[in-house]
Structures are given as structure tokens and as C-alpha cells.
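>>> fold the stuff below for me.
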Amino acid sequence: MTSIIVLIPVSALPQILKEAARCAGFDCVGIAPVGTFPEHAAFADWIHSGYAGEMRYLEAKSEQGDLKRASLQEVAPWARSVIVCVVNYNTAHPYSTQFHDSNRGWISRYAWSTEDYHTSVLRKLNGLEKNLRDHTQLEFESLCYVDTGPVVERIYAKYAGVGWIGKNTCLINQQLGSWLFLAVMLTSLDLPPDLPSPDRCGTCTRCIEACPTDAFIEPYQLDATKCISYLTIEKRGSIPEPIRSEIGFHVFGCDICQDVCPWNRKAPVTTASEFQPRDGLVNPALDWLAEMNPEEFREKFRGSPVRRAKLSGLRRNAVIAMGNSENVEFLKVLEKLTDDEDPVVAEHARWAAAKLKRVALNS
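Numbering: from 1, shown residues only. Okay, the predicted model is just below:
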């Protein structure tokens, strides 16, 4: 019996791809051309200005000495298209701006999930890649990334038409809002690209006005060294005293600039089980975090993005939040922690205790 080979026209591949992406669990998908866009030059300028702080991985360079994330052609010269997939992780819980409890802290929305999003989203992307190969029988090269590759995902997401880069530097989709995980597949398939997304921020500056640390240099440009997310996740050691009070009750990340965004008012809620919060991560008790031991940290945050802050950083952040709480009942715990074996925790505990003592004197 003679087998019949059906050749699929390139023009039909985007529709096949997008249907496969929906089957894989993605909420939106688009195709961008491989190229160097104006935003790549802006990214290089941002790095050279020192706004990335201690995030040295963003400074990775090619053998030619160019920033990898600003020159995809050097990293993957065979790539012809960038497939950008989006998955919504929003859950039906109040925003940080609606939360007020002096006993508890805030962990960023993306880190509540029962499984690390790197793992769960990459699994979806790998499934899409396999489906595409099996369905089309095409031979092509590909690389899949979820926050781990030499790609500025937001830039390609814009040119793939899945959203625009907002004034808060987050990707915003008109229907989904900004509670989005991005996944990219570099491919040697020369696919017809989608149209770039238009900027729909208009004259709105709510995200910039709401930032407690004035981390925005200007619209669309963030000084990460002042950002609460950077300070509570990436920053190691001591946090500068002048900025500690502005961190508020945030112990891992910050959602304020997204919480106030009008495009998130009607953001849909995900039905995916892997993005539902694990017990204790929505508004965790501050004294519990501050006194957490290594074994409990490993057990509670196994497979969680929170591990990125390390135990020392998480405890430091909890101590700062206790100092900002104006809850003098924390004084007993803080005074105990001033002699903690972790010098970073002890230093911040002394600062927090002194701040609450001033509150007690004035009450």
C-alpha cells in the first residue's frame, strides 16, 4: 500500500498552531518575527544605566560581547519565528490594595500557586511543541523557554500581538489584563507574523502614581533597584534604611502597579488547578515567617518561586513588614530576633523594634 504524504501550506500553520495552543492550556498565542526592535536598544541602555541592580543574569553576553537578550539572532541564528504563548494565573482573591491586616504580609499573586509556574507552563509549551511536530510531520528546530532563556519576552509578546507593554512595564492584554505568564518557543519555521498590539494605556498613570518607592523613572521605564519586587526577591543582604518603610507589608514581590491597573478590573479568573493558592500563602502570618526554620522553609515552599528569596531574605522581609505594621505586639518577637544567628535578620529586627518602640511611645 502506498502512503500518502499531505503537505501543509505555511499559511495554514498559524491556525493549526493556535488551535494546538488552546488544547495545551494557553489562553492566547501569537507569532512574532525574529528581529531587533527599538525596545531591544532600550533594554541595553537600561542595563548599562545600572537599573538591573544585582540581576547579573540579565547582563549575559555572547562571544561577540553583545547582550544576549538584546540580540536573539546571535543566540539562535537558525530561528525564523518566535511563538509567544500566554496563560492567565489570576485567582478570585482580593488584591493587595484591598488587604489590611497588621498581623499578615503579602506574597505576590504569581507565587501562590501549588506548582512553580516555570514547571507547569513549560510542560504546556513542551506539549504544544510535540503536538505541532506530530500534527504537521514537519522537521524544524526549536527551543522552549519560560523565564529562562536569552529573550525579553515582553518585546516579542508585543510584536506577536498578544498584548502591549504598559507604563508599568508589564504586558497587558485587552481581554485578559496583566496577570499573565509568558512562554516563548523559538523555531526555524518561517511563520507569517501577527500584527503588533497597539498601546492602550492612553493618558492613565495610575501605576506610576501608586508605586510607594517611586521606582518608575518615567512611564515604561523602571528602576529595579527601587522596586519592591526586586528588593524582596533579588536583593541580598541589607535593604537601605530609607526605603524600608516604603516596602509596607510585602514579603515577596509586589502587585500594586497591577492591582491599580484599570485593565485588571475585569480580569478573568483562571480555572487551572495548578494556579490555585497553596494553604498559607495568601496573607501569611508575619511572625510565622520571621521565625521560620530551614526545615519548615524547605517543606512549605518546595517547588515554589518563593524559594528564590532564600530563607534569609524571606525572614528579613517579614521583619521589615513587622516594623511597618505599627503593631506593637510584635515587639516581643522582634527583640528576640535582634540576637538572631543570621546577621541580616538581626540588623533588620533592630530597625523594626526601634520603629515599633517609637509607635508605642506615641500611642
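>>> make it CA atoms for all contacts and neighbour counts henceforth
Will do.
>>> the residue nearest to residue 108 when sequence neighbours are not counted and residue 348, how far apart?
Excluding the flanking residues, the one nearest residue 108 by Cα to Cα, 6 or more residues apart in numbering is residue 253, at 4.8 Å. Noted for residue 253: a distance of 18 Å to residue 348, by Cα to Cα, to the nearest Å.
>>> pLDDT weak spots in this protein?
Within the chain, the stretches with pLDDT under 70 are 1-10.
>>> any idea where the strands of it begin and end?
28-33, 81-88, 106-107, 142-145, 164-165, 171-172, 180-187, 216-218, 221-222, 250-252 (DSSP state E).
>>> what count of nearby residues applies to residue 296?
13 (other Cα atoms under 10 Å).
>>> again but with residue 117, I slipped
Other residues within reach of residue 117, judged by other Cα under 10 Å, total 23.
>>> report the contact partners of it.
110, 181, 275, 305 (Cα atoms under 8 Å, 6 or more residues apart in numbering).
>>> residues in contact with the second one?
In this structure, residue 181 makes contact with 86-89, 117, 121, judged by Cα under 8 Å, 6+ apart.
>>> can you map out the helices along the stretch 51-200 of the chain?
Under the criterion DSSP state H, counting those that start in this stretch, the stretch 51-200 of the chain carries helices at the ranges 72-75, 117-136, 153-159.
>>> to residue 279, which of these lies closest?
Among these, the nearest to residue 279 by Cα to Cα is helix 117-136 (16.6 Å).
>>> thinking again about what came up before, please identify which of the contacts of residue 181 is nearest to residue 361.
Once Cα to Cα is applied, the member of the contacts of residue 181 that ends up nearest residue 361 is residue 89, at 43.9 Å.
>>> can you tell me how far the closest one is from residue 289?
Counting by Cα to Cα, the gap from residue 89 to residue 289 is 24 Å.
>>> could you pull out the helices for the stretch 251-363 of the chain?
256-259, 286-290, 294-300, 310-324, 331-337, 343-362.
>>> and the second one, what other elements does it pack with?
This points to helix 286-290. In terms of contacts (3 or more Cα pairs under 8 Å, 6 or more residues apart in numbering; DSSP states H and E), helix 286-290 is packed against helix 310-324.
>>> residue 36 reaches residue 70, doesn't it?
Yes. Residue 36 sits in contact with residue 70 when judged by Cα atoms under 8 Å, with a separation of 7.3 Å.
>>> burial count for the closest residue to residue 52 other than its chain neighbours?
Excluding the flanking residues, the one nearest residue 52 by Cα to Cα, 6+ apart is residue 224, at 5.6 Å. Residue 224 has 21 neighbours, counted by other Cα under 10 Å.
>>> contact partners for the most centrally placed residue in the chain?
In the chain, the residue lying closest to the centroid (Cα atoms, centre = their mean) is residue 110, at 6.9 Å. By Cα under 8 Å, 6+ apart, residue 110 lies in contact with 89-90, 117, 179.
>>> and if you look at residue 243?
Going by Cα under 8 Å, 6+ apart, residue 243 touches 213, 226.
>>> can you give me the neighbour number for residue 360?
Residue 360: 14 surrounding residues under other Cα under 10 Å.
>>> how close does it get to residue 243?
22 Å.
>>> and what of residue 26?
38 Å.
>>> again, but for residue 317
Plainly put, residue 317 is 12 Å away from residue 243 if you go by Cα to Cα.
>>> and if you look at residue 179?
Noted for residue 179: a distance of 26 Å to residue 243, by Cα to Cα.
>>> surely residue 183 and residue 84 touch.
Yes. If you go by Cα under 8 Å, residue 183 and residue 84 touch, sitting 5.8 Å apart.
>>> sorry, back to before: distance of the residue nearest to residue 52 from residue 157?
Distance from residue 224 to residue 157, by Cα to Cα: 21 Å.
>>> so what touches stretch 12-31?
In contact with stretch 12-31 (Cα under 8 Å, 6+ apart) are residues 81-88, 124-125, 127-128, 131-132, 157, 159-162, 191-194.
>>> can I get the buried part of those as one ChimeraX selection?
Buried subset of the contacts of stretch 12-31, written as a ChimeraX selection, criterion 16 or more other Cα atoms under 10 Å:
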select :81,82,83,84,85,86,87,88,124,125,127,128,131,132,157,159,160,161,162,191,193,194
